[in-house]
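K.L.:
task: produce atomic coordinates for the following.
(one chain, ligands or ions: 2)
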Amino acid sequence: MIRLSVNVNKIATLRNSRGGNNPDLIQVSKDCERFGAQGITVHPRPDERHIRYADVYALKETVTTEFNIEGNCEEKKFVNMVLEVKPEQVTLVPDGLNQLTSNHGWDTITHKRYLQDMVKCFHDEGIRVSLFVDPLVDMVEAAAETGTDRVELYTEAYASHYHQGIELACAPYIQAAEMAQKVGLGLNAGHDLDLHNLKYFAQNVPGLQEVSIGHALISDALYYGLENTIQMYLQRLAL
Ligand SMILES: CC(=O)[C@@H](O)[C@H](O)COP(=O)(O)O
Ligand SMILES: NCC(=O)COP(=O)(O)O
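P.N.:
Ligands and ions are numbered 1, 2, ... in the order given. All right, here's what the predicted structure looks like:
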């Protein structure tokens, strides 16, 4: 079974745009789980443009599936928060301060020693670690030497090239996934996955355990409703 973890960043974006509590992030997250989501993902950014640190602490009390917190471990505030919240999983993403969105994975070769220390820091608190990486065989291979449990393949390139040729777009991800299996890493994926590109990816990338999807899913919910949308994404993942 490939888990669907719904990223609720964009619910917080809408909420923050008017300064109140509508939509209620906590209630929407509970409803996502009730509608079938097998996880909730948040990505608190240093400027708290959408998910606030307070949201993460509140979600810790209500998420009943798997809680996945994404962020940059170079931010001490982020690390301290994750160690306090103790989610099922932390996904380490090497984003800079002013990025519009995530746009690259870790250089696990150059930063191996640093990542080894960070992985141990979270492991000592019983938190599963996933490293956000580009679909590059050498980056996946080197990730195994950090001690991480999983890697998350950054799927923007797949999504943006999907329409030009699906097999060609997916090929690097299949090779990266095969390397993950070879070196004993678990496999997640995310970024720009949607109702059109998800099924082929899920059917062809070996060993995939979890996808985290936010922007497209929340956008689709504007047309289809949240419950129907989550069911549609789950249908794409049913193999
Ligand atoms: C790591 C990743 O791909 C997602 O967390 C993505 O960055 C969502 O972040 P935004 O919702 O801020 O675009
Ligand atoms: N890790 C990917 C994620 O959480 C959501 O990315 P997106 O679906 O908002 O592009």
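K.L.:
okay, the residue nearest to residue 38 when sequence neighbours are not counted: pLDDT?
P.N.:
Ranked by CB to CB, 6 or more residues apart in numbering and with sequence neighbours excluded, the top spatial neighbour of residue 38 is residue 3, at 4.2 Å. Bear in mind the C-beta positions are built from the backbone N, C-alpha and C, glycine included. pLDDT recorded at residue 3 is 98.
K.L.:
please name the bridge partners of residue 3.
P.N.:
residue 210 (DSSP bridges).
K.L.:
wait, what's in contact with it?
P.N.:
By CB atoms under 8 Å, 6 or more residues apart in numbering, residue 3 lies in contact with 38-39, 66, 209-211.
K.L.:
mind putting the residues you listed into JSON lines with distance to residue 163 and pLDDT?
P.N.:
Output for the contacts of residue 3, formatted as JSON lines (distance: CB to CB, whole Å; pLDDT from 0 to 100):
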{"residue": "38", "distance to residue 163": "28", "pLDDT": "98"}
{"residue": "39", "distance to residue 163": "28", "pLDDT": "98"}
{"residue": "66", "distance to residue 163": "32", "pLDDT": "98"}
{"residue": "209", "distance to residue 163": "27", "pLDDT": "98"}
{"residue": "210", "distance to residue 163": "25", "pLDDT": "98"}
{"residue": "211", "distance to residue 163": "19", "pLDDT": "99"}
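K.L.:
of all those, which two lie farthest apart?
P.N.:
66 and 211 (12.4 Å; CB to CB).
K.L.:
what is in contact with these two at once?
P.N.:
Joint contacts of residue 66 and residue 211 (CB under 8 Å, 6+ apart) are 3, 5.
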